[in-house]
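Chemist: Predicted coordinates and the sequence they were generated for:
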Amino acid sequence: MTVSEAFDTFKSELELPDRHQKEAAAAQQQVRDALAKQLYLPNSFLTGSYARHTKIYPLNDIDVFLVRNAQRTALALPGTSGILPDAALTEVAQAVQNALPLTATVKRQRRSVNVQITGLPFGFDLTPAWLRHPDGYWIPDTTSGGWIPSDPDLHSTMMTRANEQGYGKLKPLIKMVKHWSRNNYDRMCSFHIELICADIFSRQALVNYPVGMAVVLANLPSYINTTMMDPIYRVSKVNKDSSPSEAAELVLRAKSDVQRANDALKFENAGRLNEAIAKWKEIFLTGFPKW
């Protein structure tokens, strides 16, 4: 097996199996239909990495926007009218409990309601959203007690464009980086990883998966210690909060793995394919095929 063949096999292993694709598609539609009977929902749609086709197997959660109004609106002045973020999340949580009283476990989060349904290996993150004037959506943020703008439609467009500029290689590479992150402390948000990879390869060509992975690992330390904001409105950060020791631990792992990646590239160039593949297995820890 060549290194290129090993990466192609690895890429396939990160895709959701057809059975899970069908199960997820049916389940998310059932949840949305059930909630539409409990809430005023002019629209609802999938968001997040599932919708952007950057989700990896096994699937954890499916993100859904629940659009609560039909006309674009500006924020009301404090104390005048409208619903508060905390109340907006409470309404969604209550609607889920009414719609699925026997099967759903509900947990309120900072900006969404997480729902786990008995029998499903994945959950749902439900975000109440209001059409925003002049564009995008308002979503709740209970930490600040206010509303923040978001535009998942533009997020998807940006990622599609970046993937096209990378000749279709960017999204598969993002999945590989997410797999690496999940196996190494899991301290990076999914969307943060997507933005990092898109930013890196907006400035240089994505030659192939092995070189691309080495480039990401080499650049990762500078992103770990830097706050990254949502690129649309730049009012909310996309990176997780980490302690200095947690960040340092992740930086150390990335630096160790970039050395392994460079060794793997040298082995491959020397025709020592088994040793190259063994190095990539050390980096990804699980899932990467044997020679």
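Modeler: Now that the structure is in, tell me what you want to look at. Quantities reported herein were computed from a predicted structural model and do not represent experimental measurements. Residues are numbered from 1 along each chain as shown.
Chemist: going forward, measure contacts and count neighbours with C-alpha atoms only.
Modeler: Will do.
Chemist: Downstream of the host helix or strand of residue 28, the next helix or strand is which one?
Modeler: In the assignment (DSSP states H and E), residue 28 maps to helix 18-36. Following helix 18-36 in sequence order, the next helix or strand is strand 43-47 (DSSP H and E).
Chemist: Show the subsequent helix or strand relative to that next one.
Modeler: Scanning forward in sequence from strand 43-47 by DSSP H and E, the next helix or strand is helix 48-52.
Chemist: For this structure, which segments count as helices?
Modeler: Using DSSP state H, the helices of the chain run over 3-13, 18-36, 48-52, 85-99, 152-165, 170-183, 190-200, 209-224, 244-269, 273-284.
Chemist: Point out the most buried one among these.
Modeler: Mean neighbour count (mean count of other CA atoms under 10 Å) peaks for helix 170-183 among the helices of the chain, with a mean of 21.
Chemist: Restrict that helix to CA atoms and write it as CSV.
Modeler: Output of helix 170-183 as CSV, limited to C-alpha atoms (Å, rounded to 0.1, in the frame of the first residue of the first chain):
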residue,chain,number,x,y,z
LEU,A,170,-9.9,20.8,2.0
LYS,A,171,-13.0,19.2,3.5
PRO,A,172,-11.4,15.7,3.7
LEU,A,173,-8.3,17.2,5.2
ILE,A,174,-10.4,19.0,7.8
LYS,A,175,-12.0,15.7,8.8
MET,A,176,-8.5,14.3,9.3
VAL,A,177,-7.6,17.2,11.5
LYS,A,178,-10.8,16.8,13.5
HIS,A,179,-10.0,13.1,14.0
TRP,A,180,-6.5,14.1,15.2
SER,A,181,-8.0,16.7,17.6
ARG,A,182,-10.6,14.2,18.9
ASN,A,183,-7.8,11.8,19.8
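Chemist: Would you mind getting the angle between that helix and helix 209-224?
Modeler: Interaxial angle of helix 170-183 relative to helix 209-224 (axes from the mean of the first three to the mean of the last three CA atoms, to 10 degrees): 60 degrees.
Chemist: Who are the packing partners of helix 170-183?
Modeler: For helix 170-183, the packing partners by 3 or more CA pairs under 8 Å, 6 or more residues apart in numbering; DSSP states H and E come out as helix 3-13, helix 152-165, helix 190-200, helix 209-224, helix 273-284.
Chemist: and it, average pLDDT?
Modeler: Mean pLDDT, helix 170-183: 98.
Chemist: Then stretch 204-224?
Modeler: 97.
Chemist: What separation is there between residue 119 and residue 246?
Modeler: Noted for residue 119: a distance of 34 Å to residue 246, by CA to CA, to the nearest Å.
Chemist: Residue 106 against residue 118, yeah?
Modeler: No. Here residue 106 lies out of contact with residue 118, judged by CA atoms under 8 Å, at a distance of 11.4 Å.
Chemist: rewinding a little: can you get me the centre-to-centre distance for the helix holding residue 28 and its chain?
Modeler: Offset of helix 18-36 from its chain centre (CA atoms, centre = their mean, to the nearest Å): 19 Å.
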